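J.: what's the 3D shape of this:
(2 chains)
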Number of protein chains: 2
Amino acid sequence: MIIDCHGHYTTAPADLTTFRDAQIAALKDPAQTPSRASLRIGDDQIRDSLEKAQLKLQRERGSDVTIFSPRASTMAHHIGTEATSLEWSQINNDLIARVVGLYPKNFVGVCMLPQSPGVPPAHSARELERCINELGFIGANLNPDPSGGHWNSPPLTDRHWYPLYEKLVELDVPAMVHVSSSCNPVFHATGAHYINADTTAFMQLIQGDLFKDFPTLRLIIPHGGGAVPYHWGRYRGLAQDMKKPPLEELLLKNVFFDTCVYHKPGIELLFKVVPVDNILFASEMVGAVRGVDPFTGRYYDDTKFYIDALPLSDDDRRKVLEGNARRVYRLDRTELYKRRG
Amino acid sequence: MIIDCHGHYTTAPADLTTFRDAQIAALKDPAQTPSRASLRIGDDQIRDSLEKAQLKLQRERGSDVTIFSPRASTMAHHIGTEATSLEWSQINNDLIARVVGLYPKNFVGVCMLPQSPGVPPAHSARELERCINELGFIGANLNPDPSGGHWNSPPLTDRHWYPLYEKLVELDVPAMVHVSSSCNPVFHATGAHYINADTTAFMQLIQGDLFKDFPTLRLIIPHGGGAVPYHWGRYRGLAQDMKKPPLEELLLKNVFFDTCVYHKPGIELLFKVVPVDNILFASEMVGAVRGVDPFTGRYYDDTKFYIDALPLSDDDRRKVLEGNARRVYRLDRTELYKRRG
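T.: Okay, here's the model as predicted:
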């Protein structure tokens, strides 16, 4: 079984956007507040939104299951209040649960959290618990910058975040560190803010000592780890200058990278420097980059194409395409694996 | 001749720090304002600060000239007012001029600018002009985030920055896009803020159309271009999705990357994806990472060691080690080249 650990519901029916627009408009004009009941998305709409996109691409590219979460760019935790964010999270997470219900062999759910700038992360624990225990999800996306590019939350190693880590550990599910859109005009979302957040998070983890306090906490750094593998020597050297143990010992029991790197030389570098046990196959399709690379004739985000070309042993290939995700997300206990045997 | 295009005076005599500490203390207590005359650094102190560090490493590693600027992390444009920043810039730039005066065959100067949060970049034009015309410098370090990690200036493609570009173009000197220290605790300076700034700047340049307005402006993105070469496919794809021309056409007549990437796989990637005409040899020694890599027995920042191992043609090697810097910095008109013939 081939598992893509990073997919967002970027193709959700337009009714979802209509609801969100009304929700945002109501922040200034409460008369426009949409009722949740007004958002009626039929099963056929959901099927239609997936059949021509993620499901088609799974078939074409040869992956089986996508670990699927709400669209990252529209989490937009910076919009509105904690209540806004909670309602929007519940709606999106419920929609992911319906996707999984309709295609239980193709998708498994990961939730967004109802984070909000200045609100304690502990307030997200209840929605996390609901998604894991009631909706059968297997992880969460954790936004290290709910302000959307103003970066005014403490570092991820700060005790500010600990109540959420406690819940992740209690539920034994991992989090992917994933920002949302940027409301700061200096940062393009998918071209700068996402990548910067990945790099920033990894460096925070080098500076701190988070996994001493949470030895079983598992974090996935998406987009191939931001700039980290390219600057692997810099990070090894900085850790060494700080008298920290080697990265393998300091972080790599707890930190994992996905393969959302959209060209072969980048994927090759990732596999050269990061141990194979720490790499999880992912494409983020349908996502950040939608075109076809004229040099290869393949979609930029068809990352399996690059991985297929690597000279990996069968064992290593299985780890990257399935085994590591199975271990990091504890998939053996899920309905998905029980169903598939 | 081998030219390292990225070195900072990180080993400046301690008296400089003493002055800076007093200057900062005086922001709260004007009685502590230090006089510039109180800062007396002797030629022997300067010689001593370089002989055991940069000059020794030049000899050991086989480079000839370092394009040398004030220490990046202590530019700290976010501290104090415009007047603070101007005084500090003048002092640092004058010190670089003395370094060049003492070792005219080993160093050539690049200035820091007296930027300050919220102050128009135009106000830096005069100090830039002084450094180029009076001190014989060949370029400037341009900080895209004078706030030190709060990122509240407009993108580099905004007209906000145009007066400074006009001056750079008039003087025909390039700028290296280089942030300073971070006063935002989420961003480690050399492990996150520097790399994020490089990535952010490049993405801004993709989004904008700066070089249509300034066809002769030249910008160097340091630290191997941040995350950019590792995600070259993402950037090619994003530009394509935005209906922009290929990166070569859109940016690579004006944008250059240095080689401050501290391991061989990273350097190999850089040379695989970025055209050789756009790569300038640099090490940033003595800088961000000070240790020796246990895997190679060489200093992490001995980037020439990685480049020497690449299978480059003689022509390409000369471009990277000298020719590109000569062209981008217009070195042929400098005293350095006149002296060396």
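
J.: CA atoms for contacts and neighbours, from now on please.
T.: Will do.

J.: Quick check: the residue of chain A nearest chain B.
T.: A:A227 (4.2 Å; C-alpha to the nearest C-alpha).

J.: wait, that residue sits on B:G226?
T.: Yes. Counting by C-alpha atoms under 8 Å, A:A227 does reach B:G226; the two are 6.5 Å apart.

J.: and for the two, which residues touch both?
T.: Taking C-alpha atoms under 8 Å, 6 or more residues apart in numbering or on different chains as the criterion, A:A227 and B:G226 both touch B:I195.

J.: Quick check on these two: which one has the bigger neighbour count.
T.: Neighbour count, other C-alpha atoms under 10 Å in any protein chain shown: between A:A227 and B:G226, B:G226 has more, with 33 against 28.

J.: what about the residue of chain A closest to chain B, is that helix, strand or coil?
T.: coil (DSSP: H, G, I helix; E, B strand; the rest coil).

J.: Quick check on it: phi, psi?
T.: As for A:A227, its main-chain torsions (degrees, to the nearest 10) stand at phi -90, psi 0.

J.: Could you measure from it over to B:V100?
T.: 34 Å (C-alpha to C-alpha, to the nearest Å).

J.: now swap in A:G291 and tell me
T.: Counting by C-alpha to C-alpha, the gap from A:G291 to B:V100 is 50 Å.

J.: which of these two has more neighbours?
T.: B:V100 (22 against 17).

J.: contacting residues for that one?
T.: With contact set as C-alpha under 8 Å, 6+ apart, B:V100 has these partners: B:N106, B:F107, B:V108, B:G109.

J.: For it, give me the pLDDT.
T.: What the model reports as pLDDT for B:V100 is 97.

J.: Assign it to helix, strand or coil.
T.: At B:V100, secondary structure determined by three-state DSSP is helix.

J.: what separates it from chain A, distance-wise?
T.: Distance of B:V100 to chain A, given as C-alpha to the nearest C-alpha, to the nearest Å: 29 Å.

J.: Quick one: neighbours of the closest residue in space to A:N93 that isn't next to it in sequence, just the number.
T.: Distance criterion C-alpha to C-alpha, 6 or more residues apart in numbering or on different chains; nearest residue to A:N93, sequence neighbours excluded, is A:C111 at 5.6 Å. Around A:C111 there are 28 other residues, counting by other C-alpha under 10 Å.

J.: Please list the residues of the stretch 51-200 of chain A that sit near chain B.
T.: Residues of the stretch 51-200 of chain A that fall close to chain B, judged by C-alpha under 8 Å from any C-alpha of the partner chain: A:150-155, A:184-188, A:191-193, A:195-196, A:199-200.

J.: correct me, but A:N196 touches A:G224?
T.: No. Here A:N196 does not reach A:G224: they are 11.8 Å apart, not a contact under C-alpha under 8 Å.

J.: Pass me the low-pLDDT residue ranges in chain A, would you?
T.: By pLDDT under 70, the weakly predicted segments of chain A are A:339-341.

J.: ok, 80 please
T.: A:335-341 (pLDDT under 80).

J.: can you pull out the strands in it?
T.: Ranges of strands within chain A are A:3-9, A:65-70, A:107-109, A:111-112, A:140-142, A:175-177, A:219-221, A:255-258, A:279-280, based on DSSP state E.

J.: Give me whichever of those is most buried.
T.: Of all the strands of chain A, strand A:111-112 has the most neighbours on average by mean count of other C-alpha atoms under 10 Å in any protein chain shown, namely a mean of 30.

J.: residues in contact with that one?
T.: Against strand A:111-112 from outside (C-alpha under 8 Å, 6+ apart): A:69-70, A:75, A:89, A:92-93, A:96, A:128, A:131, A:137, A:139-142.

J.: Then stretch A:43-63?
T.: Counting by C-alpha under 8 Å, 6+ apart, A:1-4, A:11-13, A:64-65, A:99, A:102, A:106, A:285-286, A:302, A:304-305 sit against stretch A:43-63.

J.: Now do the end-to-end distance for it.
T.: By C-alpha to C-alpha, the extent of stretch A:43-63 from end to end equals 23 Å.

J.: Buried ones only from the contacts of stretch A:43-63, please, as a PyMOL command.
T.: One line in PyMOL is enough to select the buried members of the contacts of stretch A:43-63, burial here meaning 16 or more other C-alpha atoms under 10 Å in any protein chain shown:
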select buried, chain A and resi 2+3+4+11+12+13+64+65+99+106+285+286+302+304+305
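
J.: Narrow the contacts of stretch A:43-63 to those in helices?
T.: A:V99, A:L102, A:K304, A:F305 (DSSP state H).

J.: re the thing from before, contacting residues around the closest residue to the residue of chain A closest to chain B other than its chain neighbours?
T.: Of all residues not flanking A:A227 in the chain, B:A227 sits nearest, at 4.2 Å (C-alpha to C-alpha, 6+ apart). B:A227 makes contact with A:I195, A:G226, A:A227, A:V228, A:Y230, B:I195, B:N196, B:D198, B:T199, according to C-alpha under 8 Å, 6+ apart.
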